[in-house]
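# curious how this folds, go ahead:
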Amino acid sequence: MRILIVDDSGEKIANIAKIIRNINQEFTIETCQDRVSCLKLLIEQGFDLLILDLQLPKISGLDPEDEGGALIVKEIYRKEIYHLPRYIVAVTQYTGLKYTFSAIWKVIVYQSSNWIDELSTLVSHIHRVQKDIRPSIPVHLPTVFVEGITDQQVLTRAIELFRPDAKSKISIRSQKSAGASWVAKQIIAWAYSLRRDEVGKYTKAIALLDGDSAGNDARAEINRVIQPNSASSTTFKVINLSPQYSITCRTLYQKGLCIPVTLEELYSDKLWQYASEQNWTENKAKLDQFLKDPRDWNKRSQSLEQYIDSLNLSNTEYNLLGSFTDTGKTNAVKTINRGDDTTATDYLSNFETLVNEIVEYLC
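So this is what the prediction gives:
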């Protein structure tokens with residue numbers, strides 16, 4: 001049975017997933033955080049059960065809308081482009097919104113005295129109805145969740161280059177403007193689903209997060225919701241990108257510039273130089289925040305630019321003080337994919353260590 005949970009609370013997703021897993025560990029659970037992402041998924045895929053919060057943002061990062069869940073239901077009935085879920089239920093703590101949700105679908109009040117029994121009874125009923133008319137759920141591939149579409153594209157290419165034996169054994173997933181919070185919620189749902197392979201072992205996943213404050217917050221959220229030493233905690237690994245994957249990043253750190261590491265920082269010196277020449281990059285904002293020891297910079301006698309000049313950075317190191325624009329990220333991926341294997345390997349040479357770490361954990 002395929003279930004889609006739409007909620008912007010990682011803890012609530014985990015609690016719902018635990019209930020579902022207690023009924024059947026082979027159910028497929030997908031999650032998203034906002035109205036637009038939900039509707040996009042319902043265009044692409046069909047689900048047996050849609051579990052909605054009532055108060056949802058239109059897009060992740062915006063304030064939640066009181067009618068967010070109801071608007072999803074109205075939209076999927078309004079247009080035939082959507083795969084209509086067989087069942088819909090709202091699980092919400094916003095009791096005042098339940099009367100405007102739907103004339104036919106149930107609302108369960110989250111964390112009320114009997115909410116677990118209500119949801120369990122509903123899911124069990126759907127399962128009994130579905131198991132005689134649906135084929136068994138396919139086994140899921142080990143999965144890497146990444147923060148954006150360009151990350152998904154470039155990591156796919158890197159695996160093709162450095163571990164072609166694993167290309168068909170690993171799924172890499174993201175969505176437009178996914179971000180670190182999306183990755184965290186996907187991992188939480190995955191962990192509590194306890195998916196198994198053909199021989200009964202837990203299927204594993206990786207959260208691949210940038211080495212910035214958002215990535216660190218996402219790791220903390222995962223660790224907060226998923227109990228250590230639980231079965232769920234054995235089904236995934238969190239990788240925050242760090243200077244260990246790039247020689248140039250390491251030398252910058254040694255010189256006192258601790259820039260956040262993303263997949264773009266792993267691009268080769270050659271690709272960074274080309275991107276700079278094509279104006280695909282821009283200066284990092286608030287570069288002073290990345291100084292390892294700000295006391296080394298005498299603000300009275302030096303500007304930040306003068307202090308950085310005093311570090312005698314190489315041209316390669318200086319390039320990494322920039323960031324790819326959104327257009328630049330897209331153009332860089334196109335450049336990588338247009339090149340032959342030799343050229344692409346040159347551009348992505350720093351990815352080999354990361355790819356091997358991913359494959360060795362998942363496969």
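# contacts and neighbour counts: CA atoms only from here.
Noted.
# quick check: S193 touching I29?
Yes: the criterion here is CA atoms under 8 Å, and S193 meets it with I29 at 6.7 Å.
# show me whatever sits in contact with both of these two.
Common neighbours of S193 and I29 are listed as A17 (criterion: CA atoms under 8 Å, 6 or more residues apart in numbering).
# give me the more crowded residue out of those two.
Higher neighbour count among S193 and I29: S193, with 28 against 21, using other CA atoms under 10 Å.
# and the pLDDT at the nearest residue to the more buried one once chain neighbours are set aside?
Taking CA to CA, 6 or more residues apart in numbering as the measure, S193 lies nearest to R21, with 5.4 Å between them; neighbours along the chain are not counted. Note on R21: pLDDT of 90.
# these two touch, right, R21 and Y192?
Yes: counting by CA under 8 Å, R21 sits close enough to Y192 to count as a contact (6.9 Å).
# pLDDT wise, what is M1 at?
At M1, the pLDDT value in this model is 88.
# revised request: answer the last question for L97.
Among the per-residue scores, L97 holds a pLDDT of 67.
# and after the one helix or strand A275 maps to, which helix or strand comes next?
Counting by DSSP states H and E, the secondary-structure element that holds A275 is helix 269-277. Reading on from helix 269-277 to the C-terminus, the next helix or strand found by DSSP H and E is strand 281-283.
# in terms of secondary structure, what does that following strand contact?
Of the remaining helices and strands, those touching strand 281-283 by 3 or more CA pairs under 8 Å, 6 or more residues apart in numbering; DSSP states H and E are strand 322-324.
# direction included, what does the strand it packs on pair up with?
Strand partners for strand 322-324, identified by DSSP bridges, are recorded as strand 281-283 (antiparallel).
# the helices in the stretch 151-300 of the chain, which residues?
Taking DSSP state H, counting those that start in this stretch as the test, the helices found in the stretch 151-300 of the chain are 179-193, 213-225, 247-254, 269-277.
# dump those helices to a markdown table, plus mean pLDDT and distance to P260.
Putting the helices of the stretch 151-300 of the chain into a markdown table (pLDDT from 0 to 100; distance: least, CA to CA, whole Å) gives the following:
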| stretch | mean pLDDT | distance to P260 |
| --- | --- | --- |
| helix 179-193 | 94 | 14 |
| helix 213-225 | 95 | 8 |
| helix 247-254 | 92 | 9 |
| helix 269-277 | 94 | 16 |
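# deepest-packed of those, please.
Scoring the helices of the stretch 151-300 of the chain by mean neighbour count under mean count of other CA atoms under 10 Å gives helix 179-193 as the most buried, with a mean of 26.
# and the contacts of that helix?
For helix 179-193, with CA under 8 Å, 6+ apart as the criterion, the contacting residues are 9-10, 13-14, 17-18, 20-21, 25-33, 145-148, 174, 205-210, 214-215, 218-219, 221-222, 225-226, 232-233, 235-236.
# now do the buried residues in stretch 42-61.
Burial within stretch 42-61, assessed by neighbour count using 16 or more other CA atoms under 10 Å, is assigned to 42, 46-58, 60.
# tell me which entries of these lie within helices.
When helices are assigned by DSSP state H, the members of these inside them are L42.
# so R157 sits against N337, correct?
Yes: with the criterion set as CA under 8 Å, R157 and N337 qualify as a contacting pair; they are 7.4 Å apart.
# of the two, who's got more company?
Between R157 and N337, counting by other CA under 10 Å, R157 is the more crowded of the two (21 against 15).
# wait, is I29 part of a strand?
Yes: the assignment for I29 by DSSP: H, G, I helix; E, B strand; the rest coil puts it in a strand.
# dihedrals phi and psi, G46?
phi -110, psi 150 (degrees, to the nearest 10).
# what's the spacing between it and K40?
Per CA to CA, to the nearest Å, G46 is found 11 Å from K40.
# hey, what's in contact with both of those two?
Common neighbours of G46 and K40 (criterion: CA under 8 Å, 6+ apart): none identified.
# buried ones in stretch 285-294, by neighbour count?
Going through stretch 285-294 with 16+ other CA under 10 Å, the ones that come out buried are L287, D288, L291.
# same check on stretch 334-350?
By 16+ other CA under 10 Å, the buried positions in stretch 334-350 come out as I336, A344, T345, D346, Y347, L348, S349, N350.
# surely the fourth one touches S268?
Yes: judged on CA under 8 Å, D346 makes contact with S268 at a distance of 6.9 Å.
# so the spatially most central residue of the chain versus N216, what's the distance?
Here the mean C-alpha position of the chain is nearest to the C-alpha of V183 (CA atoms, centre = their mean), at a distance of 2.3 Å. Distance from V183 to N216, counting by CA to CA: 12 Å.
# what residues do the two have in common as contacts?
Residues touching both V183 and N216 comprise L209, with contact defined as CA under 8 Å, 6+ apart.
# before we move on, which element is the residue nearest to I172 when sequence neighbours are not counted in?
Spatially, and ignoring its direct neighbours in sequence, I172 is nearest to V144 (4.7 Å; CA to CA, 6+ apart). For V144, the enclosing helix or strand under DSSP H and E is strand 143-145.
# okay, now the sheet partners of that strand, with direction.
On the basis of DSSP bridges, the sheet neighbours of strand 143-145 come out as strand 171-173 (parallel), strand 205-209 (parallel).
# distance between the first one and the chain's centre?
On the basis of CA atoms, centre = their mean, to the nearest Å, strand 171-173 is displaced by 10 Å from the centre of the chain it belongs to.
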